[in-house]
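this one's sequence-less:
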């Protein structure tokens, strides 16, 4: 038996998975209490994990993503706060309370079906795990949740703090696709050796444009909320205003994801460069010296530059890959959602740049971009792997 008077410590990875519980007591005995290895969606692997009698059974309930495993009635679901999660299915047991901000995915999908890169700190919304501060489910001052939901004015410092772990309990240093470690760095846009000055300047300008757009949307949301206080509004007008608020909140969420993504792009050890081209379609290619070339159409304003930058972010996230010709293509299952995400940012940052197709008009709101692309965009225009 282990000494009952000891401190139980836990070792966590970059996803906050508790991989090892061990004691800090009697050094003459084996200190490992429990070892846990997980499949990507959280089911604990069996057959070779160390599991010693003793320890703190209450503390050992915290496992996948650092969440509590509820074993009542044999259900074995994880309590994330807002929802319960079944690791055996890789699905939530409850509908997404913020389903309107992730319309491209099922409200029961965990971590956007990419649990290696994304986590869900409180069951509300998936965010990139890279950065080392997303493990808190409290939604405190260092939580990305407040920035993703658009509480208060969004500033570059707030995005850096929320996305990269200010106020985080756990201090971690790790590598992910496109990340260079140093998870507690708040200076997420510092100069590094992988971005040339001219390209870093473009990336920072795109990021600032997204921050400015968020502040614009937040101001409009505030104005609409004040309008709703007017008791003389008709039911029709109330519904119209509420629809506009929902649309703008969806835009705020997408723009915040873009900002987090471009921070990761800037930190990436992969070299990126922006290249202005002519023609009617931008794309991303890999040069002979292994530089990722973000080729945008110069005559399309800023919209196409944002569009192709989203695809570069998706490359870092692992949902786009280079084909045999050195052209960035979609991982097949993400090809629609990737393009919709890119076109949404494209639309918000350069309204009017998405054309009508035939007799079908261009989208008139953010939600409409999804419908516009899925219904009217020819399949031949979707780069696919």
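Alright, I've got the coordinates. Computed from a predicted structure; not experimentally measured.

Please make it C-alpha for all contacts and neighbour counts, starting now.
Fine.

Report the secondary structure state of residue 274.
Three-state call for residue 274 (DSSP: H, G, I helix; E, B strand; the rest coil): strand.

Can you name the residues bridging to the nearest residue to it once chain neighbours are set aside?
Computed as C-alpha to C-alpha, 6 or more residues apart in numbering, the closest residue to residue 274 that is not its neighbour in sequence is residue 294, at 4.8 Å. According to DSSP bridges, the partner residues bridging residue 294 are residue 274, residue 284.

State the distance from residue 294 to residue 349.
17 Å (C-alpha to C-alpha, to the nearest Å).

Repeat that for residue 262.
Residue 262 is 15 Å from residue 349, by C-alpha to C-alpha.

State the number of residues packed around residue 88.
Residue 88: 13 surrounding residues under other C-alpha atoms under 10 Å.

next one: residue 12
Residue 12: 19 neighbours (other C-alpha under 10 Å).

That one touches residue 19, doesn't it?
Yes: the criterion here is C-alpha atoms under 8 Å, and residue 12 meets it with residue 19 at 5.7 Å.

and the helix or strand hosting residue 226, what does it pack onto?
Element membership for residue 226, per DSSP states H and E: helix 197-227. Applying 3 or more C-alpha pairs under 8 Å, 6 or more residues apart in numbering; DSSP states H and E, we find helix 197-227 packed against helix 235-267, strand 272-277, helix 335-349.

where does the stretch 101-250 of the chain dip in pLDDT?
The model of the stretch 101-250 of the chain has pLDDT under 70 over residues 101-104, 130-193.

hang on, residue 373 packs against residue 338?
No: if you go by C-alpha under 8 Å, residue 373 and residue 338 don't touch, sitting 11.2 Å apart.

and for these two, which residues touch both?
With contacts defined as C-alpha atoms under 8 Å, 6 or more residues apart in numbering, no residue is shared by residue 373 and residue 338.

list the contacts for residue 292?
Taking C-alpha under 8 Å, 6+ apart as the test, what residue 292 contacts is 270-273, 284-286.

err, residue 280, not the other one
Counting by C-alpha under 8 Å, 6+ apart, the residues that residue 280 touches are residue 297.

per-residue confidence at it?
If you check residue 280, the pLDDT there is 80.

and if you look at residue 373?
Predicted confidence (pLDDT) for residue 373: 81.

Burial check on it, number of neighbours?
If we define neighbours as other C-alpha under 10 Å, then residue 373 has 20 of them.

My guess is residue 20 contacts residue 38. True?
No: under the criterion of C-alpha under 8 Å, residue 20 is not in contact with residue 38, lying 11.5 Å apart.
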